[in-house]
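S.K.: Got a sequence here, can you model it:
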Amino acid sequence: MIRFSVLASGSTGNAIYVETEETAVLIDAGVSGKQITNALAEIGADAKKISALLVTHEHSDHVRGVGVMSRKQDLDVYATSGTWEGMEKYVGDINVEKQHTFTVGESLCFGDLKIEPFPISHDAREPVGFCFYQGETKLALATDLGYVSTRVRDAIAGADAFIFESNHDVEMLRIGPHPWTVKKRILGDKGHLSNETAGDTLTEVLSGNSQDVYLAHLSPDNNMPEIAEITVRGILTENGFNVGQDVVLHDTYRDKPTPMQTIKRM
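M.R.: Numbering: from 1, shown residues only. Below is the predicted model of the structure:
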């Protein structure tokens, strides 16, 4: 059994809580320590249960609160060597004994929770996504990626739940306020996934057995939750999925946590 909550999601900050009966971890801390602590209290999670903080990449909306959380909660922090190099200027002093480096292909184990990182394509030094396992139960996390490689697709396929990027509506982005250089970055292979790409990918990795999908990292300028859901729902429906039965779509939020979700492979 795995329980999780997306504490915050979007360009203003990201954090995810994952727990099993034995342990808990925090993925990213891109909002203030106070917001994370308040979100944990809102979902009924005990911050003292958290045994580690894992970082996907060094952008400020993922690491802004890493140093504070490590110091205040005495947390061990795990990141790739590239991410450590990139986030030093954001996190302040972290006890060297609390700094841990992992590599892609290495499994991390905390109690009964196994975590497997996989490489993603983003404009960061060494970014990763994660798959979480407890027994046969699997949760997949993939955000901040410009395209979905075969390796990503293979890593996340068949999960019981997905936290998956649905960053922008392409037309909203094209006519939106950002300069072309920013639009080009977002649309590029090291940028972010569109709603359409999210939907297309999900048709390939879902098995159709009552899986939950959390649409994450939505742009506040180039997307809306209802547009993301309508687009993804339409693509899934066109490909034979019964949305609401085979798969359930969930919103994520910039300023509040999602309700704690429990998944268990039967």
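S.K.: which ones are touching S81?
M.R.: Applying CB atoms under 8 Å, 6 or more residues apart in numbering, we find S81 in contact with 101, 103, 126. Using the backbone N, CA and C atoms, a C-beta is placed for each residue, glycine as well.
S.K.: Please repeat the previous calculation with a cut-off of 7 Å.
M.R.: 101, 126 (CB atoms under 7 Å, 6 or more residues apart in numbering).
S.K.: State the pLDDT value of it.
M.R.: In this model, S81 is scored at 98, pLDDT.
S.K.: And it, how far from G44?
M.R.: 36 Å (CB to CB, to the nearest Å).
S.K.: for S9, same thing?
M.R.: 19 Å.
S.K.: Of those two, give the one with the bigger neighbour count.
M.R.: S9 (29 against 9; other CB atoms under 10 Å).
S.K.: Just to check, the more buried one is in contact with T252?
M.R.: Yes. Using CB atoms under 7 Å, S9 is in contact with T252, at 3.9 Å.
S.K.: Common neighbours of the two, please.
M.R.: With CB under 7 Å, 6+ apart as the test, S9 and T252 both reach A216.
S.K.: now the helices for the stretch 101-250 of the chain?
M.R.: Using DSSP state H, counting those that start in this stretch, the helices assigned to the stretch 101-250 of the chain run over residues 150-156, 170-175, 180-187, 195-205, 225-238.
S.K.: can you put the ones you listed in TSV and add distance to A140?
M.R.: Formatted as TSV, the helices of the stretch 101-250 of the chain follow (distance: least, CB to CB, whole Å):
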stretch	distance to A140
helix 150-156	4
helix 170-175	24
helix 180-187	23
helix 195-205	8
helix 225-238	16
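S.K.: Good, wrapping up.
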